[in-house]
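Asker: Quick one, fold the following:
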Amino acid sequence: MGSEMSETTSRSDDYESVIGQSAQGIAEFDDDRHGLIHKVQHALHVTPSLVPLIVLLLSIIIFGILLGSKFFSPFALTLILQQVQIVGILGAAQSLVILTAGIDLSVGAIMVLSSVVMGQFTFRYGIPAPMAIAFGLACGTLCGFINGWLVAKVKLPPFIVTLGMWQIVLATNFLYSANETIRSQDIAAEAPMLQLFGAKVQIGGAVLTVGVIFMVLLVVVLAYVLKHTAWGRHVYAVGDDPEAAELSGVQVKRTLISVYMLSGLICAFAGWALIGRIGSVSPTSGQLGNIESITAVVIGGISLFGGRGSIMGMLFGALIVGVFTLGLRLLGADAQWTYLLIGLLIIAAVAVDQWIRKVSV
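Answerer: Have a look, this model is predicted:
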């Protein structure tokens, strides 16, 4: 009897020892989950625009140290804004689509076609500039609607749909315009409203354009809408999990179509801004708009898998490209270094995004 009691006591001690070790393991796991790395990971998950903001500030500081007052002058800093205004507007359109886990390869082509419609309606048909601009905006919205309808209703992959739309719009652009450029002098003389986005506003030593002001206001408004409205929450929900979003009452198809339509409209505004930026209406301009907008979005921390990211981060991403471009140019470096560094930033941004996605909120 005493032997049995001793054996039972021994087993009980062993059991308590195992439980204690397990509890200690759980405690260690919890400590690891609440360690510094996990806290950083969680902070970046909650605020995805934090990484591009840090990179932007560091790049400004580094180029400021290397170039001094040449870089920190109001003219140089506002020149960066002027250079990225088209990319920033297109990036806003691209951000909306990528947040729904899609991608739009046609944003640059829609931008150029919209600008061509504005110019041709004014000079070929004699339509007043305000009406011609309205037709251009409607053209961009229609292209976006077609993209959205094919993605939402026909269930075609966004990559394929927008790749096809890119080719169709590009061909339509050249056929309709007959590859003719409307000169800056003619626009300034007969339809100056087409060049509105190029008008300059001087504040002290800083020189801003209407296009820059529009870009900043657009990003601020979209950031508010995405964060504080039901439509914005639906956009994130669709990008995160469309099936779960539909089960929770979100009208996924309507949301997708509205996103692509709004994207097309923003591209049309980018077309209007493009006329102001270059002064003329050229069917061959803006050829890199697709790649540049995706670059700004990716560097800006918006996940290519959808459902996570901030449109403010996209603006930071565009500004990073602008800072590197101007900074290296002022240093006299070869332009290829800009592409190399931007390429590294893109790969690093995707790697960071994959790491952040592992966090469990």
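
Asker: what about the helix or strand where I347 lies, average pLDDT?
Answerer: Secondary structure assignment for I347, by DSSP states H and E: helix 335-357. Helix 335-357 shows a mean pLDDT of 83.

Asker: Show residues contacting it.
Answerer: Contact with helix 335-357 is made by 41, 44-45, 48, 51-52, 55, 295, 298-301, 303-305, 308, 317, 320-321, 324-325, 328-329, as judged by Cβ atoms under 8 Å, 6 or more residues apart in numbering. Every residue, glycine included, has its C-beta placed from N, CA and C.

Asker: what comes up buried for that helix?
Answerer: Within helix 335-357, the residues that qualify as buried are 338, 341-342, 345, 349, 352-353, 356, counting by 16 or more other Cβ atoms under 10 Å.

Asker: Rebuild those residues as TSV, extending it with distance to K227.
Answerer: Converted to TSV, the buried residues of helix 335-357 look like this (distance: Cβ to Cβ, whole Å):
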residue	distance to K227
T338	33
L341	31
I342	28
L345	26
A349	22
V352	22
D353	20
I356	19
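
Asker: Now the phi/psi pair for G249, please.
Answerer: G249 adopts backbone torsions of phi 100, psi 0, taken as degrees, to the nearest 10.

Asker: Same question for S285.
Answerer: Torsion angles, degrees, to the nearest 10, at S285: phi -80, psi 160.

Asker: State the number of residues packed around it.
Answerer: Taking other Cβ atoms under 10 Å as the criterion, the count of residues near S285 is 21.

Asker: got the buried residues for stretch 167-174?
Answerer: Along stretch 167-174, the positions that meet the burial threshold by neighbour count (16+ other Cβ under 10 Å) are 169-170, 172-173.

Asker: for stretch 219-229, that is, sorry about that
Answerer: Of the residues in stretch 219-229, 219, 222-223, 225-226 count as buried by neighbour count, 16+ other Cβ under 10 Å.

Asker: centre of the chain versus it, how much separation?
Answerer: Centre-to-centre, stretch 219-229 and its host chain are 14 Å apart (Cα atoms, centre = their mean, to the nearest Å).

Asker: what's the answer for stretch 71-80, then?
Answerer: When distances are taken as Cα atoms, centre = their mean, stretch 71-80 is centred 23 Å away from the chain's centroid.

Asker: still on that earlier bit, need the buried residues of stretch 167-174 in JSON lines with secondary structure, can you?
Answerer: Shown next, in JSON lines, are the buried residues of stretch 167-174 (DSSP: H, G, I helix; E, B strand; the rest coil):
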{"residue": "V169", "secondary structure": "helix"}
{"residue": "L170", "secondary structure": "helix"}
{"residue": "T172", "secondary structure": "helix"}
{"residue": "N173", "secondary structure": "helix"}
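
Asker: could you list every residue that touches I86?
Answerer: Contacts for I86 were tallied using Cβ under 8 Å, 6+ apart; they are 111, 211, 270, 273-274, 277, 286, 289.

Asker: And for stretch 253-261, what's in contact with it?
Answerer: By Cβ under 8 Å, 6+ apart, stretch 253-261 touches 96-97, 99-100, 102, 104, 141, 144-145, 147-149, 151-153, 231, 234-235, 238.
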